[in-house]
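# Kindly generate the corresponding structure for this input.
(4 chains)
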Protein chains: 2
Amino acid sequence: MDGLPDSPVMVSVQALHRMPYYLQYLKEQQKAGVTVIAAPAAAASLDLNEVQVRKDFAAVSKTRGRPKAGFAIAELIFNIEELLGYHNVHDAVLVGAGSLGSALLCYRGFDDCGMHIVAAFDADASLAGTEIGGKKVLPADQLIEMCQRLNIHIGIIAVPVGQAQAVCDQLVAGGVLAIWNFAPVHLSTPGEILVQNENMAASLALLSQHLQEKMKI
Amino acid sequence: MDGLPDSPVMVSVQALHRMPYYLQYLKEQQKAGVTVIAAPAAAASLDLNEVQVRKDFAAVSKTRGRPKAGFAIAELIFNIEELLGYHNVHDAVLVGAGSLGSALLCYRGFDDCGMHIVAAFDADASLAGTEIGGKKVLPADQLIEMCQRLNIHIGIIAVPVGQAQAVCDQLVAGGVLAIWNFAPVHLSTPGEILVQNENMAASLALLSQHLQEKMKI
DNA sequence: TAGATTGTTAATCGATTAACAATC
DNA sequence: TAGATTGTTAATCGATTAACAATC
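Residues are numbered from 1 along each chain as shown, chains lettered A, B, ... in the order given. Below you'll find the predicted structure:
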């Protein structure tokens, strides 16, 4: 059942997290005119282990790398993008048009990641009808209906902690399959829904801890 | 050399990432009047493995948990905050007052994480002297000097990809020990500097991939 | 006491790293 | 051919999970 030409690639969660870095690096190299890249060279540039990069490239590439040369950049880029689903764009809605929500709406670059924000929703009725970053802001009570009608798969939560779970429930009711959560709370969801937490505090934790260790010395 | 009352707690990187979630949950419980929490209860609420939570609590807590009861919430909170260095606040500077930078400047909540943004810097001279989120925006050419003078330990990079490495170098020159990088590039730094990448694309990767799998079925 | 929860020790699991033959 | 790089197989490492005695 494996080894078939189109068998699903097994990549670890950690490896998945490295993929965007490879992608960014490979595109940079491609722009510079490079067409073939060797794992050791990429590893050196990205401060990663040589074997790890080789393994990652091998896992994601559909054709084998060429000894002495490396992997074809164009193909590697295509394969990584395909793995990450960047080729078939998914529509998304954003809930919460506060400062963070607005920043996200203004951020260009999600489109390259296979995500297209269709509209924003906010509980504040006075925002309804306005535009932020070129996206329409709609009243929150239309959320479920719109998700269903437009067949939305991704919901982005950028509301305060207190409202996050309620918004989450609405998104699920609207048929959303994956939730990108910027509120620092644990959301309860049915098992088949993926919740990706973008918790600033969690990233800061590592940083703070490092600093903590440094200062002790 | 271990087992001493004040020996450094060894917590895995993954466990460190879980700490903010515990913290948030514990504070919530504390607010609700709960004073003692058992690992299994916390695990159930957070959808985590019971043993894992127990181990994490044990690792971070300075006093032992009480069988049949659990851990004292107030102490657990204190110990986690101490581990993460939230008690001695570190000053930080933010570079790049664009849409993301502004959102970060307006975000209240970093102070709870032991981080205090002192000022923002931007290459756009017309922003100099203005205030965003109550923080002064200063011209970029004062960056190194200010970091040195104010003894800043944390630098936040919210500039476009093209300028990120240059800003990073300036921060390091200014004596910064840890960098929180929001630009989707790999930054080269001396070994002792910690770079914490907040790469939206990397988080999106997991989400996209999950969706990719879902849609295939 | 009985029952639940902790702490400890061992087993499992998975990812990273190392070693080396195969290949261009 | 010689040398560099790949792919594969095995070893190492670390984290998670399981099992069970100790404790309140």
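
# tell me the phi and psi of A:H116?
A:H116 has phi and psi values of phi -130, psi 110 when expressed as degrees, to the nearest 10.

# need the contact list for the residue nearest the centre of chain A.
What sits nearest the mean C-alpha location of chain A, by Cα atoms, centre = their mean, is A:C113, with 6.7 Å. Neighbour list for A:C113: A:L84, A:Y86, B:A201, B:L204, B:A205, B:S208 [criterion: Cβ atoms under 8 Å, 6 or more residues apart in numbering or on different chains]. (C-beta placed from N, C-alpha, C; glycine too.)

# mind listing the helices for chain A?
Here chain A has its helices, by DSSP state H, at A:13-31, A:39-46, A:50-60, A:73-83, A:99-106, A:143-150, A:161-173, A:200-216.

# okay, those in TSV with mean pLDDT next?
Below are these laid out as TSV (pLDDT from 0 to 100):
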stretch	mean pLDDT
helix A:13-31	95
helix A:39-46	96
helix A:50-60	96
helix A:73-83	96
helix A:99-106	92
helix A:143-150	98
helix A:161-173	97
helix A:200-216	85
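
# Most tightly packed of those?
Each of these was assessed for mean neighbour count using mean count of other Cβ atoms under 10 Å in any protein chain shown. The highest is helix A:99-106, with a mean of 22.

# which other helices and strands contact it?
Counting contacts by 3 or more Cβ pairs under 8 Å, 6 or more residues apart in numbering or on different chains; DSSP states H and E, helix A:99-106 packs against strand A:90-95, strand A:115-122, strand A:131-132, helix B:99-106.

# Try it again at 10 Å.
With contacts defined as 3 or more Cβ pairs under 10 Å, 6 or more residues apart in numbering or on different chains; DSSP states H and E, helix A:99-106 has these neighbours: strand A:90-95, strand A:115-122, strand A:131-132, strand A:135-139, strand A:154-157, helix B:99-106.

# Point out the most buried one among these.
Of all the helices and strands packed on helix A:99-106, strand A:154-157 carries the top mean neighbour count, a mean of 27, counting by mean count of other Cβ under 10 Å.

# How about that one and chain B, any contact?
Yes: Strand A:154-157 is in contact with chain B by Cβ under 10 Å from any Cβ of the partner chain, via A:I154, A:I156.

# That strand - what's its average pLDDT?
For strand A:154-157, the mean pLDDT works out to 97.

# what separates that strand from the chain centre, distance-wise?
If you compare the mean C-alpha spot of strand A:154-157 with that of the full chain, they lie 11 Å apart, counting by Cα atoms, centre = their mean, to the nearest Å.

# Show me what it pairs with in its sheet, parallel or antiparallel.
Sheet partners assigned to strand A:154-157 using DSSP bridges are listed as strand A:90-95 (parallel), strand A:178-181 (parallel).

# ok, which residues in chain A are in contact with DNA strand D?
Residues of chain A found near DNA strand D (Cβ under 7 Å from any atom of the strand) are A:38-41, A:51, A:54-55, A:57-58, A:61, A:64-71.

# try 6 Å this time
Taking Cβ under 6 Å from any atom of the strand as the contact definition, chain A meets DNA strand D at A:A38, A:A39, A:P40, A:R54, A:K55, A:A58, A:R64, A:G65, A:P67, A:K68, A:G70, A:F71.

# restrict the residues you listed to contacts with DNA strand C.
Restricting the residues of chain A next to DNA strand D to those touching DNA strand C (Cβ under 6 Å from any atom of the strand) yields A:K55, A:P67, A:K68.

# circling back to that earlier point, out of the helices of chain A, which comes closest to B:C147?
When the helices of chain A are compared by Cβ to Cβ, helix A:200-216 sits nearest B:C147, at 14.5 Å.

# Show me what that closest one is packed up against.
Using 3+ Cβ pairs under 10 Å, 6+ apart, helix A:200-216 is in contact with helix B:13-31, helix B:73-83, strand B:90-95, strand B:115-122, strand B:154-157, strand B:178-181, strand B:194-197.

# Could you chop chain A up by domain?
A:13-84, A:90-202 (automatic domain parsing).

# Minimum distance to B:G174: which of those has it?
Between B:G174 and the domains of chain A, the shortest separation by Cβ to Cβ is 21.9 Å, and it involves domain A:13-84.

# right, and the helices of chain A - which one's nearest B:V13?
Across those, closest to B:V13 is helix A:200-216 (Cβ to Cβ), at 6.9 Å.

# Take that closest one, keep the C-alpha atoms, and write them as CSV.
The C-alpha trace of helix A:200-216 is given here as CSV (Å, rounded to 0.1, in the frame of the first residue of the first chain):
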residue,chain,number,x,y,z
MET,A,200,2.2,35.0,21.4
ALA,A,201,2.6,34.2,25.1
ALA,A,202,3.7,30.7,24.2
SER,A,203,6.4,31.9,21.9
LEU,A,204,7.4,34.6,24.4
ALA,A,205,7.8,31.9,27.0
LEU,A,206,10.8,30.4,25.3
LEU,A,207,12.4,33.7,24.8
SER,A,208,11.8,34.8,28.4
GLN,A,209,13.1,31.6,29.7
HIS,A,210,16.3,31.9,27.7
LEU,A,211,16.8,35.4,29.0
GLN,A,212,16.1,34.2,32.5
GLU,A,213,19.0,31.7,32.2
LYS,A,214,21.3,34.3,30.6
MET,A,215,20.8,36.8,33.4
LYS,A,216,21.5,34.2,36.1
